[in-house]
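# The following comprises the amino acid sequence and a computationally predicted model.
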Amino acid sequence: MGKDRRKQAVWVVFLRGELIALGIYLLGIMLLTLLVVKGVLPERGAYPAVAVMCLLTSMTAGLLAVRKSSLGRLSAGILSAVIFGAILLLVGTCAWQEIAWTGRGGVLLLCALCGGILSVMMGGQKRRKGKRVYKKAL
């Protein structure tokens with residue numbers, strides 16, 4: 001029972017990564033809300049926690065795209081971060097009808113883009129396909 005090595009379409013890889021990242025982000029927001037309501041986390045610490053969560057979930061989607069996509073590492077990571085940021089922007093404008101770009105709204109989008117850049121750095125090198133030759137130790 002070997003692994004199936006068929007190539008997937010690029011949009012399937014990005015869709016899967018974004019859905020996983022949005023699911024993690026939603027669960028994280030619910031956990032953060034519970035922590036703030038119970039008094040474990042103070043209100044002033046909620047926004048930095050949301051920013052870190054945004055960075056980490058964007059990095060998760062980017063890592064999935066970098067490792068599984070047939071695109072280059074840089075383009076896959078940045079495109080994944082842009083898609084995640086666009087989804088956050090779309091949901092934010094639908095819910096609040098405006099976003100304060102000079103306030104906290106722009107910072108979350110920057111965190112999403114930084115997550116994509118981090119995923120490119122942490123994505124690792126793609127392995128070469130082919131026969132490897134090992135030298136004997138003397």
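Perfect, I can see it now. Numbering: from 1, shown residues only.

# what residues are up against Cys111?
Ala51, Val52, Cys54, Leu55, Ser58 (CB atoms under 8 Å, 6 or more residues apart in numbering). Where C-beta positions appear, they are placed from N, C-alpha and C, glycine not excepted.

# how about Leu41, secondary structure?
Three-state assignment for Leu41 (DSSP: H, G, I helix; E, B strand; the rest coil): coil.

# where's the residue positioned nearest the centre of the chain, which helix or strand?
By CA atoms, centre = their mean, the mean C-alpha position of the chain lies nearest to Ser58, the distance being 2.0 Å. Per DSSP states H and E: Ser58 is located in helix 46-68.

# Would you mind pulling up the elements that the longest helix belonging to the chain packs against?
Longest helix in the chain by number of residues, with DSSP state H as the criterion: helix 10-38. The helices and strands touching helix 10-38, judged by 3 or more CB pairs under 8 Å, 6 or more residues apart in numbering; DSSP states H and E, are helix 46-68, helix 73-96.

# Check which residues of it are buried.
Val13, Phe14, Gly17, Glu18, Ala21, Leu22, Tyr25, Gly28, Ile29, Leu32 (16 or more other CB atoms under 10 Å).

# residues near the residue nearest to the last one when sequence neighbours are not counted, how many?
Distance criterion CB to CB, 6 or more residues apart in numbering; nearest residue to Leu32, sequence neighbours excluded, is Ala49 at 5.5 Å. Burial of Ala49, expressed as a neighbour count using other CB atoms under 10 Å, amounts to 16.
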